[in-house]
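Peer 1: need a structure here:
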Amino acid sequence: MIAVSAKCIVFGDPHYRTFDGLLYTFQGSCMYTLAQQCSSKQRKFSIRVKNSAKAHLTYTKSVLVSMKNTKVSILWEEDICIRYAN
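Peer 2: This next block holds a predicted model:
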């Protein structure tokens, strides 16, 4: 396996800059997958965001990072929750 460094960014009302540098804007109030393992068999890694709308603006309400048995939820205006499942 070759290690490669890359980043994607979510910002503003919500704008997304992808790993390859392209810029997208998604105004929908729904769940988006930012990144995930390519193989659907035994998926061990994913990052998902949930957008919500408020007063004519769309914003990222939550981020869920899943890696093997650990899930980290980052919620708008709430505490960070880390769950580990055996």
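
Peer 1: what lines up beside the helix or strand hosting Y24 in the sheet?
Peer 2: Per DSSP states H and E, Y24 falls inside strand 23-25. If you go by DSSP bridges, strand 23-25 pairs up with strand 15-17 (antiparallel).

Peer 1: that older thread, how about residues contacting the strand holding Y24?
Peer 2: Strand 23-25 is contacted by residues D13, P14, H15, Y16, R17, T18 when judged by CB atoms under 8 Å, 6 or more residues apart in numbering. In this view, the C-beta of every residue, glycine as well, is placed from N, C-alpha and C.

Peer 1: which of the residues you listed lies closest to I47?
Peer 2: Nearest to I47 out of the contacts of strand 23-25 is Y16 (CB to CB; 11.7 Å).

Peer 1: how many neighbours does the nearest residue to that closest one once chain neighbours are set aside have?
Peer 2: Nearest residue to Y16 in three dimensions, chain neighbours excluded: Y24, at 4.7 Å (CB to CB, 6 or more residues apart in numbering). Y24 has 10 neighbouring residues, counting by other CB atoms under 10 Å.

Peer 1: go on, H15?
Peer 2: Residues near H15, counting by other CB under 10 Å, number 12.

Peer 1: what do you get for N51?
Peer 2: Counted with other CB under 10 Å, N51 comes out at 19.

Peer 1: so what's it up against?
Peer 2: Listed by CB under 8 Å, 6+ apart, the contact partners of N51 are P14, F26, Q27, G28, S29, C30, M31, Y32, T58, Y59, T60, K61.

Peer 1: In CSV, list those along with distance to V72 and pLDDT.
Peer 2: Shown next, in CSV, are these (distance: CB to CB, whole Å; pLDDT from 0 to 100):
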residue, distance to V72, pLDDT
P14, 19, 85
F26, 22, 83
Q27, 26, 81
G28, 24, 80
S29, 22, 87
C30, 21, 88
M31, 16, 90
Y32, 17, 88
T58, 23, 85
Y59, 19, 84
T60, 15, 85
K61, 15, 87
